[in-house]
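Engineer: can't give you the sequence, but here's the structure:
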């Protein structure tokens, strides 16, 4: 695998964007991650990860029109690129192959 | 119509300063949106406290991210990766004796190298202990028949002064013996030099009258003697 492997948080952020659909921006992504994981995440960590994913070419972004409730500032909407989808598929494949055959052991540990 | 509250100005300023330009507008906009939501949910005071917490968190995260970008860029330009340094330091800490021996070997090698360089420089390109001493060179004639230096005459010095263009100035000297008498003591012969007026410019020693003149003559004589020993003439 020549592509750089996804980190756990990068994985989570990409999946949250896929759940919310294209054109989503930072605030709902943070909310979605908190809702699905049940953990409190630092918003800053999400924004740093979004920026890093875009630099890696796994995300693409564009600015929306400015809105008055945001003090006239625009939103940065994001969308997972085909490279991002490919990374997610590879990452899932690796995890699936590592998980294979472990269910009985995990059941035994419970 | 909903009321629009203003986030803390200092926290806003901190964010504007810390955030990279490409995300500044979107992040501050998102934080403003969250602030308005928090004002409705928790009240303005609590919302302001939350905004401050977010501002500090964003500042720290993006400062660290910026530092990472710089480090990554700098190391990549050098053809190195952060992993090289990490592995290097790990090796050094895991094998302390190797670290000590390697450090000593490097220290000795640097010392020997610097010493050799200094000796070679002193032998091949010595400089006089005078202002701009490294720019003073000796001129002499070499007699191929007798395989030895032939002291130039006054006529030679005048010819050089007329013809040579790569030298700034030419001074001449000759060694003489004089009796040095100090106070009531019996005079003793000392090596001295008679130098031309231009030699004062070359040596950077100003001619003075009376006692000072004598001292400067001695200085010039010493300089001339050094020049004779090291260059074979001035």
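Structural biologist: Yep, that arrived. Note that the structure is predicted; figures quoted are calculated from it, not measured.
Engineer: outside of stretch B:155-172 itself, list whatever touches it.
Structural biologist: With C-beta atoms under 8 Å, 6 or more residues apart in numbering or on different chains as the test, stretch B:155-172 has contacts from B:137, B:139, B:141, B:152, B:154, B:195-203, B:234. Every C-beta, even on glycine, is put in place using the N, C-alpha and C of the backbone.
Engineer: give me every residue that touches residue 56.
Structural biologist: No chain in the question, so chain A it is. A:4, A:83.
Engineer: that's the wrong chain, I meant chain B
Structural biologist: Applying C-beta under 8 Å, 6+ apart, the residues near residue B:56 are B:11, B:14.
Engineer: in chain B, what residue comes closest to chain A?
Structural biologist: residue B:29 (3.0 Å; C-beta to the nearest C-beta).
Engineer: if I pick residue B:179, what's in contact with it?
Structural biologist: B:187, B:188, B:189, B:190.
Engineer: tell me which residues form a beta bridge with it?
Structural biologist: Note on residue B:179: beta-bridge partners residue B:189, judged by DSSP bridges.
Engineer: circling back to that earlier point, which of the contacts of stretch B:155-172 fall in helices?
Structural biologist: B:154, B:197, B:198, B:199, B:200, B:201, B:202, B:203 (DSSP state H).
Engineer: the helix or strand containing residue B:104 packs against which elements?
Structural biologist: Take DSSP states H and E as the rule and residue B:104 turns out to sit in helix B:96-124. Helix B:96-124 is packed against helix B:82-94, with contacts defined by 3 or more C-beta pairs under 8 Å, 6 or more residues apart in numbering or on different chains; DSSP states H and E.
Engineer: does the helix it packs on reach chain A?
Structural biologist: No. Figure legend: helix B:82-94 not in contact with chain A (C-beta under 8 Å from any C-beta of the partner chain); closest approach 13.2 Å.
Engineer: now that helix, how far from the centre of its chain.
Structural biologist: 30 Å (C-alpha atoms, centre = their mean, to the nearest Å).
Engineer: tell me the mean pLDDT for it?
Structural biologist: In this model, helix B:82-94 has a mean pLDDT of 81.
Engineer: next, count neighbours for residue A:9.
Structural biologist: Residue A:9: 15 surrounding residues under other C-beta atoms under 10 Å in any protein chain shown.
Engineer: that one sits in which helix or strand?
Structural biologist: helix A:8-20.
Engineer: what does whichever helix or strand comes after that helix contact?
Structural biologist: Using DSSP H and E, the helix or strand that follows helix A:8-20 in sequence is helix A:26-37. The contact list for helix A:26-37, computed with C-beta under 8 Å, 6+ apart, reads A:12-13, A:16-17, A:19-20, A:39-41, A:43, A:46-47, A:50, A:75-76, A:78, B:26-27, B:30, B:33-34.
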